[in-house]
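**Student:** Build the 3D model from these lines:
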Amino acid sequence: MSYEREKQVAIDAAIAAAKLCQEVRREIPVAMEKIDKSPVTVADYGSQALICKALNAAFPEDAIVGEEDATDLRSNAEQLQKVTNHVQALVPDATPEQVADWIDCGNGEVGGRFWTLDPIDGTKGFLRQDQYAVAIALIEDNEVKVGVMACPALKLESGEEGALFVAVRGEGATMQAISGGNLRSLRVVAADDVENMRFVESVEASHGDQSRQNSVAKAVGFTAESVRMDSQAKYGIVASGQAALYMRLPSPKTPDYRENIWDHAAGAIVVEEAGGRVTDMHGNSLPFGMGKKMVNNQGIVVSNGTIHDTVLKALQDS
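**Tutor:** This next block holds a predicted model:
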């Protein structure tokens, strides 16, 4: 089955949502992260509204599973109007009622064929003017078929800021500037590329077991310090050959934590279609159609493929 239309609708939606997020982020004062996270809420809601509107219009039979819902927003007229004002920059005739309804299109159920999305993946990166991603994925029968990630703060080799990652199952993965331009086919780092044989992990220590992650990386033979980055942009770094490994191991403080599907679905297919491998920390594949959380999987290991079994062995030994 060709997914050309699904791919293009997802691309257009991700770019529109990224534009809204960038406009919201320009209004964030210095140190806003410490005193008020309301801009994130506005951007999350606005991004999800735009994406759900586009997906629902193009594929009305498909369920959409998003991170946000408009329950609280409907009871806060002032906040709803702020979200609507930003949406109107791209959909001029949007009303507050429509915006709330579009957000709630993301309250669908997992199963069969459905979309999952994270309107802003990497909240703290968004606030500190660092990395974040708008992530959209189409899932059929537990498998991701289409993945799109817009990473507005990620720089390309040309120095231009804003990268768009796209993958379709069986068709490979590409990257280009969000603003357009030439497509670049993605390939994970080769085993003999010593310079890029490094690993990437989350900035936030609470997002994983950084001590164990570093221990495993050293056991595998990595000598450079990890690259720390927010959001699914880490998947893009591995897919584009700028790192060989991304690990997200359960924090000792939350050993029973299970990952949300929208935090990994789009990134996983981008890496896999670039020649890499994605599993949980025990080597099990990630079934994205079983529920909003991957309850039967623990941790995430993303690699260029050639080192994957060595990483899993090191994890067992640790």
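**Student:** rest of the way, CA atoms for contacts and neighbours
**Tutor:** Will do.
**Student:** which non-adjacent residue is nearest Leu138?
**Tutor:** Trp115 (4.4 Å; Cα to Cα, 6 or more residues apart in numbering).
**Student:** Going by residue numbers, what spans are strands in the stretch 151-300 of the chain?
**Tutor:** Remark: strands assigned in the stretch 151-300 of the chain by DSSP state E, counting those that start in this stretch are 161-168, 172-177, 180-185, 199-201, 227-228, 245-248, 277-279, 300-303.
**Student:** Which strands or helices does the helix or strand hosting the residue nearest to Leu138 pack on?
**Tutor:** Assigned by DSSP states H and E, Trp115 belongs to strand 113-121. Judged by 3 or more Cα pairs under 8 Å, 6 or more residues apart in numbering; DSSP states H and E, the packing partners of strand 113-121 are helix 38-58, strand 63-66, strand 133-140.
**Student:** Mind listing what's buried along the first one?
**Tutor:** Residues of helix 38-58 classed as buried by neighbour count (16 or more other Cα atoms under 10 Å): 39-56.
**Student:** What of the shortest one?
**Tutor:** Residues Ala63, Ile64, Val65, Gly66 are the ones in strand 63-66 that count as buried (16+ other Cα under 10 Å).
**Student:** Can you add mean neighbour count and give the strands of the stretch 151-300 of the chain back as JSON lines?
**Tutor:** Formatted as JSON lines, these follow (neighbours: other Cα atoms under 10 Å):
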{"stretch": "strand 161-168", "mean neighbour count": "24"}
{"stretch": "strand 172-177", "mean neighbour count": "22"}
{"stretch": "strand 180-185", "mean neighbour count": "12"}
{"stretch": "strand 199-201", "mean neighbour count": "25"}
{"stretch": "strand 227-228", "mean neighbour count": "15"}
{"stretch": "strand 245-248", "mean neighbour count": "27"}
{"stretch": "strand 277-279", "mean neighbour count": "23"}
{"stretch": "strand 300-303", "mean neighbour count": "25"}
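**Student:** And the ones you listed: which comes nearest Lys124?
**Tutor:** strand 227-228 (12.8 Å; Cα to Cα).
**Student:** What's the mean pLDDT across the closest one?
**Tutor:** What strand 227-228 shows for mean pLDDT is 90.
**Student:** partners of that strand in the sheet?
**Tutor:** Sheet neighbours of strand 227-228, with direction, are listed as strand 199-201 (parallel) (DSSP bridges).
**Student:** Can you name the residues in contact with the partner strand?
**Tutor:** 210, 217, 222, 225-229, 234, 243-248 (Cα atoms under 8 Å, 6 or more residues apart in numbering).
**Student:** Would you mind naming the residues that bridge with Ile64?
**Tutor:** Trp115.
**Student:** now it: how far from Val83?
**Tutor:** 20 Å (Cα to Cα, to the nearest Å).
**Student:** related to what we said a few turns ago, out of the helices and strands packed on strand 113-121, nearest to Arg74?
**Tutor:** That would be helix 38-58 among the helices and strands packed on strand 113-121, by Cα to Cα, at 11.5 Å.
**Student:** Could you measure from Val227 over to Arg25?
**Tutor:** Distance from Val227 to Arg25, by Cα to Cα: 24 Å.
**Student:** Same question for Ala49.
**Tutor:** Distance from Ala49 to Arg25, by Cα to Cα: 17 Å.
**Student:** cool, Leu154 as well?
**Tutor:** Leu154 is 15 Å from Arg25, by Cα to Cα.
**Student:** More neighbours: which of those two?
**Tutor:** Leu154 (21 against 18; other Cα atoms under 10 Å).
**Student:** Just list the residues touching that one, thanks.
**Tutor:** Gln131, Glu161, Gly162, Ala163, Ala233.
**Student:** Spit out the contact partners of the closest residue to the fourth one other than its chain neighbours.
**Tutor:** Of all residues not flanking Ala163 in the chain, Ala177 sits nearest, at 4.7 Å (Cα to Cα, 6+ apart). Under the criterion of Cα under 8 Å, 6+ apart, the contact partners of Ala177 comprise Leu156, Glu160, Glu161, Gly162, Ala163, Leu164.
**Student:** Any idea what Ala177 is bridged to?
**Tutor:** Residues in a beta bridge with Ala177, per DSSP bridges, are Ala163, Gly180.
**Student:** can you tell me how far it sits from Pro60?
**Tutor:** Distance from Ala177 to Pro60, by Cα to Cα: 29 Å.
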